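Asks: sequence first, predicted coordinates after that:
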Amino acid sequence: MKELHDRIATQPSQQLTAPKLRRIIWGLIAAIWLPLLALPAFAAVGQSSLSDPLNIPPVLMVLALVISSLAGATALLMRIDRELSAAPDKPLLRPWLMCASHMAGAWLAGTLAFIVSRQASFEVWTTLGFVLTASFANAKFIESMLERYMPGRPNTGGTAP
């Protein structure tokens, strides 16, 4: 651990700078979404074979949870990327609050969208699309509310109050 700390502190060419971190973030976004393109097909197949007493396929519930988590993580990574590009030399303000708000917002909206779409008897693709859209939109909505009403604005290139 000490060797890693010394290397980061003494060799600027090998430090994890903001542009490198931004490339890693966008790589993560692509890596988590590309394999997910095939998963709705599994939900369509699993819908006829697996069911529970509530008549909701467990595969579809798991996929909705995964998709809402990924939508929240994508919104979070986009926010981190935006803050790093605005002020690459500044630390992130309250990263725990940023993570918690994005993920809680995405899970809440994803759950509500799943319930509404199942009550409306939407097809599998429509349900998962509705969960995805609602989760991402709510994570971004909560982000904008936190920016507006929380003291101590996020990094905008200047100094924080």
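Replies: In hand now; what should we look at?
Asks: which SSE is immediately downstream of the helix or strand containing A64?
Replies: Taking DSSP states H and E as the definition, one finds A64 inside helix 58-86. Using DSSP H and E, the next helix or strand after helix 58-86 towards the C-terminus is helix 95-119.
Asks: report the buried residues of that following helix.
Replies: For helix 95-119, burial by neighbour count (16 or more other Cβ atoms under 10 Å) applies to 98-99, 101-103, 105-114, 117-118. In this view, the C-beta of every residue, glycine as well, is placed from N, C-alpha and C.
Asks: next: stretch 121-134.
Replies: So stretch 121-134, judged by 16+ other Cβ under 10 Å, has buried residues 122, 124, 127-132, 134.
Asks: biggest separation within those residues, which pair?
Replies: Longest distance between any two of those is 15.9 Å, between V124 and A134; criterion Cβ to Cβ.
Asks: ok, and the helix or strand in the protein with the lowest average confidence?
Replies: helix 2-10 (a mean of 56; mean pLDDT, DSSP states H and E).
Asks: kindly format the C-alpha coordinates of the helix or strand following it as CSV.
Replies: The C-terminal neighbour of helix 2-10 among helices and strands, as given by DSSP H and E, is helix 18-33. What follows is helix 18-33 as a C-alpha-only set of coordinates in CSV (Å, rounded to 0.1, in the frame of the first residue of the first chain):
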residue,chain,number,x,y,z
ALA,A,18,-9.3,13.5,-14.5
PRO,A,19,-9.0,12.7,-18.2
LYS,A,20,-8.0,9.1,-17.5
LEU,A,21,-10.7,8.7,-15.0
ARG,A,22,-13.3,10.1,-17.4
ARG,A,23,-12.2,7.5,-20.1
ILE,A,24,-12.6,4.8,-17.4
ILE,A,25,-16.1,6.1,-16.6
TRP,A,26,-17.3,6.0,-20.2
GLY,A,27,-15.7,2.6,-20.6
LEU,A,28,-17.6,1.4,-17.6
ILE,A,29,-20.9,2.8,-19.0
ALA,A,30,-20.4,0.9,-22.3
ALA,A,31,-19.2,-2.3,-20.5
ILE,A,32,-22.3,-2.5,-18.3
TRP,A,33,-24.9,-1.7,-21.0
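Asks: tilt between helix 18-33 and helix 58-86?
Replies: 170 degrees (axes from the mean of the first three to the mean of the last three Cα atoms, to 10 degrees).
Asks: so what does helix 18-33 touch, helix or strand wise?
Replies: Under the contact criterion of 3 or more Cβ pairs under 8 Å, 6 or more residues apart in numbering; DSSP states H and E, helix 18-33 touches helix 58-86.
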